[in-house]
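K.L.:
With the input below, show me the fold.
(one chain, ligands or ions: 1)
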Amino acid sequence: MGERYCRECGALITGRADKKFCSDMCRTSFHNREYRRKKKEVADVNSILAANRRILEELSEKGIALLPLSDPRMQSFCTSHYTSAEQKGKHTIYHCYEYRYMIKRRGLTYFCYICASESTKRD
Ligand SMILES: [Zn+2]
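P.N.:
Residues are numbered from 1 along each chain as shown. Next up is the predicted model:
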């Protein structure tokens with residue numbers, strides 16, 4: 001069997017065949033770092049979604065439903081992050097919390113089309 005090295009410090013591991021760390025201290029610091037990394041990843045995605053939602057909210061409040069993605073107001077809008085998506089015929093409707101939008105292309109320009117709020121349709 002090959003030699004095994006600690007996943008945290010790289011030291012040679014002795015003892016049980018399934019050991020991944022040389023000590024409890026290394027195991028703990030490895031898992032603590034993993035926990036912090038995952039927590040940061042979730043926080044990063046949440047802040048992107050919150051920023052997208054803020055943009056959609058501001059545009060909706062101003063009654064703006066159609067805006068090119070190249071518009072400065074869309075500069076920080078991240079089209080790869082949304083809370084869910086639905087297929088309506090050949091269109092994909094993206095959801096960002098309570099807001100719904102489509103990405104439409106006209107010629108060489110991509111637009112964000114904000115769909116009317118569905119909140120009034122709910123029973
Ligand atoms: Zn170690």
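
K.L.:
so what does the longest strand along the chain touch, helix or strand wise?
P.N.:
The longest strand of the chain (DSSP state E) is strand 99-106. Under the contact definition 3 or more Cβ pairs under 8 Å, 6 or more residues apart in numbering; DSSP states H and E, strand 99-106 sits against helix 24-61, strand 91-96, strand 109-114. To be clear about C-beta, it is placed using only N, CA and C from the backbone, and glycine gets the same treatment.

K.L.:
what about that strand, average pLDDT?
P.N.:
Strand 99-106 carries an average pLDDT of 96.

K.L.:
returning to what we had before: quick one: closest of the helices and strands packed on strand 99-106 to the ion.
P.N.:
The ion lies closest to helix 24-61 among those, at 3.2 Å (Cβ to the ion).

K.L.:
relative to strand 109-114, how tilted is the closest one?
P.N.:
90 degrees (axes from the mean of the first three to the mean of the last three Cα atoms, to 10 degrees).

K.L.:
Helix 24-61 near the ion at all?
P.N.:
Yes. Applying Cβ under 5 Å from the ion, one finds helix 24-61 touching the ion at residue 26.

K.L.:
hang on, the earlier thing: now the longest strand of the chain: buried residues?
P.N.:
Counting neighbours by 16 or more other Cβ atoms under 10 Å, one finds that the buried residues in strand 99-106 are 99-101.
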